[in-house]
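Enquirer: Fold the stuff below for me.
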Amino acid sequence: MKKTKELLKSQLKLVDIVIELLDARIPLSSKNPSVDEIIGQKPKLIVLNKIDLAHEGETKKWLNYYNELGFRAIPVNTMTGSGVREIMNEAQIITQEKMDALKKKGIINRPIRLMIVGIPNVGKSSIINKLAGKKSAKTGDRPGVTKGKQWIRLRGNLELLDTPGILWPKFEDEDVALNLAFTGAIKDEIMDTETLAYKLIQKLYGKYEANFVERYNIESNLEDPLEVMNAIAKVRGCILSKNEIDYDRVSNMILDEYRSGKLGKITLESPNSEGE
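Expert: Purely as a prediction, here's the structure:
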């Protein structure tokens with residue numbers, strides 16, 4: 001981690017602004033706790049990605065939460081491109097003073113240089129492609145940039161320093177690990193999907209019971225997550241021989257339908273409870 005921090009800090013000298021990319025469904029769990037320490041006083045813009053999968057009311061709460069902390073947060077849906085132009089506009093606003101100072105020194109039309117940081121599966125490549133207006137193309141090495149670091153030309157006189165996906169959250173909290181697993185940031189291959197699906201139902205059913213009832217046409221007021229899973233399995237035909245439940249199949253289906261938004265727009269963390 002020490003080498004990672006040193007590498008990132010050296011790259012920070014080359015950029016004007018850092019975009020911290022978070023998953024709108026889990027803004028706390030998808031935040032690397034080391035980012036603020038690493039970037040220091042460098043201007044930062046927060047982007048809440050995947051708002052098409054998050055609860056709209058909860059997203060508004062998160063936007064207010066960051067606003068109260070003094071940060072500009074922009075909700076983005078890379079499927080439609082919603083919010084992408086706001087990123088470009090805000091980057092120009094945040095760096096206006098610096099760009100004006102450069103003009104006074106005779107440096108005209110110097111692109112605004114930015115870096116995007118975020119954990120795996122938060123949508124970094126999708127954001128970059130939307131900002132570029134096409135599949136991103138590397139423009140080659142620039143002066144002062146060590147070999148291997150590439151700039152990507154974006155729209156709106158912006159350039160992105162393309163860096164390897166070196167950031168990964170250091171988490172000691174089981175809830176953080178589960179939230180990352182629920183959203184697919186941790187590969188299912190290293191998790192017990194049956195337990196994961198059970199935990200997801202346990203976490204969601206109280207607040208989002210109506211989503212389960214509508215999606216799977218099951219009875220309401222079921223009390224135990226296992227009852228919910230069994231009911232879903234029977235409705236969807238996830239049954240083995242001798243009328244036994246196919247827990248592997250129903251578990252994967254529930255996780256897939258949550259992640260794809262088929263279960264509805266669901267947010268796992270609320271700023272009111274600090275993600276608990």
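Enquirer: could you give me the average pLDDT of the longest helix anywhere in the chain?
Expert: Longest helix of the chain, by residue count under DSSP state H: helix 193-216. Across helix 193-216, pLDDT averages out at 95.
Enquirer: how about that helix: buried residues?
Expert: 193, 196-201, 203-205, 208, 211-213, 215-216 (16 or more other Cβ atoms under 10 Å). Quick note: C-beta positions are derived from backbone N, CA and C, even for glycine.
Enquirer: Residues touching that helix, excluding its own?
Expert: Contacting residues not belonging to helix 193-216 are listed as 178, 181-182, 188, 218-222, 225-226, 228-229, 231-232, 235-236, 247-248, 250-252, 254-255, 257-258, 262-264, 266, 268 [Cβ atoms under 8 Å, 6 or more residues apart in numbering].
Enquirer: So, low pLDDT: which residues of the stretch 151-276 of the chain?
Expert: 163-171, 273-276 (pLDDT under 70).
Enquirer: circling back: of all the buried residues of helix 193-216, which two lie farthest apart?
Expert: Thr193 and Val213 (22.9 Å; Cβ to Cβ).
Enquirer: ok, and the closest non-adjacent residue to Val76?
Expert: Counting by Cβ to Cβ, 6 or more residues apart in numbering, Gly83 is the residue found nearest to Val76 once chain neighbours are left out, at 3.5 Å.
Enquirer: which ones are touching the one you found?
Expert: With Cβ under 8 Å, 6+ apart as the criterion, the residues that contact Gly83 are 47, 51, 74-77.
Enquirer: what sits against the closest residue to Val84 other than its chain neighbours?
Expert: Spatially, and ignoring its direct neighbours in sequence, Val84 is nearest to Lys130 (4.6 Å; Cβ to Cβ, 6+ apart). Neighbour list for Lys130: 78, 81, 84 [criterion: Cβ under 8 Å, 6+ apart].
Enquirer: Would you double-check that Lys130 falls in a strand?
Expert: No. Following the definition DSSP: H, G, I helix; E, B strand; the rest coil, Lys130 is helix and is not counted among the residues of a strand.
Enquirer: How many residues are close by the closest residue to Gly261 other than its chain neighbours?
Expert: With Cβ to Cβ, 6+ apart as the measure, Leu53 is the residue that lies nearest to Gly261, at 4.6 Å, once sequence neighbours are left out. If you count neighbours by other Cβ atoms under 10 Å, Leu53 ends up with 21.
Enquirer: Many thanks, we can stop here.
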